[in-house]
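Novice: Provided below for reference: sequence and predicted model.
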Amino acid sequence: AARQRLDRSAAVFEQIGGSMTRVAEDLGRARPTSAPDAAETLASRAARFRTLAEQVPPMTAAVRDSLGRTRWERPAPDLLDAESLLTESAAAIVTVLDEAGTAVGELAGPSSEAGLRLERLASRIVSLRDTVAAESASLLAAGLPPSVHAIAALEANESLLVLGPPDRGITAVRIEDVLPGVVPGAPRVDPGRLAESMLTNAIAGLTGGPRPVVVVVHGSPSRIIRSQGSVLGAIQQRAAGRGIGLLEWPAALSQDPPAELAALLAEQRPVVYAVVGIDDRDAESRARADRVAAIVSSLLERGESVMVCLAPSTRPGLGETDSMAEAVEPLGLIAETGRPALFETRRGDQRQVGWEHTIVQKAGEHPLAAAVERRSTLIPWPITIMAKPDASEDGDTHPLLSLPDSPPTWLEGEWLGYWLTPATQRPLLRSPPSPGGTRDAEAAGSAIAWAVERPFATDDGPPQRAVVVGSHLWLFDTAADRPGVVDGRLVQLAPGNTTLFLSAVEWLAGNDDAVLPGANAFEAPVVQPIEPGRLTIIRWTLLAVLPLGVLALGAAVRAIRG
């Protein structure tokens, strides 16, 4: 059924490609009756339409090739690849049609025959855009069979498959999660207890209530969540393993939430919004950051469950207010977005300045703090966050992550030049940032992540929950999926990143029992090791005493019976 649905979508895109070619021809015929500037605009749009329309047949051919392709001699087409081709192409087509519809609409007008013609063209372009958007939303809402994701998990890693009831599907648990490597600073775990926890969570995801849906809100000018090649690959994979769905809300492209969100809300699935901030070093990025901040304020006002990831901002250094920091103030938090935390280390006479902090958190009172206890968490360009003195009056506020006391860490006021320097070249700088500037301050021990729970004023239901993390890069694969070799195996060096994200989603969705247990829960085996002396006695008993006893008993029986 999914294969047929994707094939039908490919046919729809072929029709859309033909319609775009005809619109391009009509735009070309509209040129002679237009002003010189308008004619240039129409020519540019027509050329883009033709180019995009020419790319549709190869794309649909690739989709049908994926639908017919099998691997490992199994009767399963590559549906993930086909869906990725269609949805990513749809995003590109919608962007072009949206821009063209706006541009042609501005040239249209009822005062002349040419203006009326352009008005009709603009209406056709908008209608095409809506058709493409509806087709893409339909694909994403329908989804793919769970077996497709299980096959993808097996192709990517060794996995344990957990088969649920026929109407609930299949999920996968990665072997790497059950048998993790011991990364520096993390405790050794008992694989038996860890496997028990992983399997329990997998079974709960298949047999329990509706699983959460995470809407990732960001200000990037392009989409960041894809079936393949996503910058959030580790987060997507781990979320899918727990039955958590991910949707994307690119605020730079649309101020409206994803179209498929309405269907998920009708299914009463818990919705969590994860907002990823954007650095605002130029006018364009500032405008996009303001859009994201406006969405954050709206979500908090509606009482939604929100995770906010803050980015460094240039505005406080200019005497202005950072819109993202201002948006989280109603939660009782003050974020130092204008001064990210750096630290320095010395190797002989060489001084190096780091921007990525590896945090091995100590025990905390909050369940999320316990979940990342002594798990290595990598936080690039951290932002320190303080609770207002009266924050406790409006709700419960708990720190989750804090900067270590060593190495020496400070808040850097003049950070932009270091930020703009490529990461590979920063260690080569002769004069990297140093503490002591007029806008610098001490940062050791400061909190960079908080959990907030407060009563929602306009609702008699459960309290509103929010998580604020002082970094916008900690979810990306460059931090959350950074590989390293431990005990001869390739493992994640920062398992705390995905652990904190998944636990935060469960907590924000109200699934307190599904929050991942802390590392200390897996330190000691359930069955304690046997003392060496007692183990020797047991071995001799099993290997010698029992066999010899059986022989002696047999000889006695034979002697008695003759």
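Specialist: That came through, no problem. Numbers count the residues shown, from 1 in each chain.
Novice: just checking, residue 451 touches residue 463?
Specialist: No - counting by Cβ atoms under 8 Å, residue 463 is not a contact partner of residue 451; they are 11.9 Å apart. C-betas here are computed from N, CA, C, even on glycine.
Novice: Partner strands of whichever strand or helix holds residue 468 and their direction?
Specialist: Following DSSP states H and E, one finds residue 468 within strand 464-469. Using DSSP bridges, the strands paired with strand 464-469 are strand 305-309 (parallel), strand 447-454 (antiparallel).
Novice: Which elements pack onto the following helix or strand past the shortest one?
Specialist: By that I understand strand 305-309. Per DSSP H and E, the first helix or strand lying C-terminal to strand 305-309 is helix 323-327. Contact here means 3 or more Cβ pairs under 8 Å, 6 or more residues apart in numbering; DSSP states H and E; on that basis helix 323-327 packs against helix 283-301, strand 333-335.
Novice: Pull out the CA atoms of helix 323-327 and give them to me as PDB.
Specialist: C-alpha atoms of helix 323-327 as PDB (Å, rounded to 0.1, in the frame of the first residue of the first chain):
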ATOM      1  CA  SER A 323      14.600  38.500  21.300                       C
ATOM      2  CA  MET A 324      15.200  34.800  22.200                       C
ATOM      3  CA  ALA A 325      16.500  35.700  25.700                       C
ATOM      4  CA  GLU A 326      13.500  38.000  26.200                       C
ATOM      5  CA  ALA A 327      11.100  35.200  25.100                       C
END
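Novice: Format the helices and strands packed on helix 323-327 as TSV; extra columns: distance to residue 11 and mean pLDDT.
Specialist: TSV is the format used below for the helices and strands packed on helix 323-327 (distance: least, Cβ to Cβ, whole Å; pLDDT from 0 to 100):
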stretch	distance to residue 11	mean pLDDT
helix 283-301	36	91
strand 333-335	50	93
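Novice: most neighbours per residue, which of the strands paired with strand 464-469?
Specialist: Most buried of those, by mean neighbour count (mean count of other Cβ atoms under 10 Å): strand 305-309, with a mean of 26.
Novice: Report the angle between that strand and helix 283-301.
Specialist: Here strand 305-309 points in a direction 150 degrees away from that of helix 283-301 (axes from the mean of the first three to the mean of the last three Cα atoms, to 10 degrees).
Novice: For strand 305-309, give the mean pLDDT please.
Specialist: For strand 305-309, mean pLDDT rounds to 95.
Novice: what sits up against it?
Specialist: Contacts of strand 305-309 with the rest of the structure, by Cβ atoms under 8 Å, 6 or more residues apart in numbering, involve 270-277, 296, 299-300, 324, 327-328, 464-469, 471-472, 474-475, 504-505, 508-510.
Novice: follow-up on the earlier one: deepest-packed of the helices and strands packed on helix 323-327, please.
Specialist: Of all the helices and strands packed on helix 323-327, strand 333-335 has the most neighbours on average by mean count of other Cβ under 10 Å, namely a mean of 21.
Novice: for the next helix or strand along the chain from that one, packing partners?
Specialist: Sequence-wise, the next helix or strand downstream of strand 333-335 (DSSP H and E) is strand 341-347. With contacts defined as 3+ Cβ pairs under 8 Å, 6+ apart, the packing partners of strand 341-347 are strand 350-354, strand 409-411.
Novice: Just give me the longest helix of the protein.
Specialist: Longest helix in the chain by number of residues, with DSSP state H as the criterion: helix 36-68.
Novice: The helix or strand following that helix to helix 36-68, inter-axis angle?
Specialist: For helix 36-68, the succeeding helix or strand toward the C-terminus, using DSSP H and E, is helix 79-107. Angle, helix 79-107 to helix 36-68, by the same axes, to 10 degrees: 170 degrees.
Novice: From the contact counts, what lies against helix 79-107?
Specialist: Secondary-structure packing of helix 79-107 (3+ Cβ pairs under 8 Å, 6+ apart): helix 2-30, helix 36-68, helix 113-142, helix 146-156.
Novice: Can you pull the phi/psi pair for the closest residue to residue 357 other than its chain neighbours?
Specialist: Counting by Cβ to Cβ, 6 or more residues apart in numbering, residue 379 is the residue found nearest to residue 357 once chain neighbours are left out, at 4.9 Å. Main-chain dihedrals, residue 379, degrees, to the nearest 10: phi -120, psi 100.
Novice: List the contacts of residue 379.
Specialist: 356, 357, 358, 359, 401, 448, 469, 470, 471, 474, 479.
Novice: again, 6 Å this time
Specialist: 357, 471, 474 (Cβ atoms under 6 Å, 6 or more residues apart in numbering).
Novice: I'd like to know which of these is nearest to residue 196.
Specialist: Nearest to residue 196 among those is residue 474, at 28.4 Å by Cβ to Cβ.
Novice: gap between the closest one and residue 361?
Specialist: 13 Å (Cβ to Cβ, to the nearest Å).
Novice: Which one's more surrounded, these two?
Specialist: Counted by other Cβ atoms under 10 Å, residue 474 and residue 361 do not tie: residue 474 has more neighbours, with 28 against 25.
Novice: dump the residue contacts of the more buried one.
Specialist: By Cβ under 6 Å, 6+ apart, the residues touching residue 474 are 379, 497.
Novice: how about a cut-off of 7 Å?
Specialist: With contacts defined as Cβ atoms under 7 Å, 6 or more residues apart in numbering, residue 474 is in contact with 309, 378, 379, 380, 480, 497.
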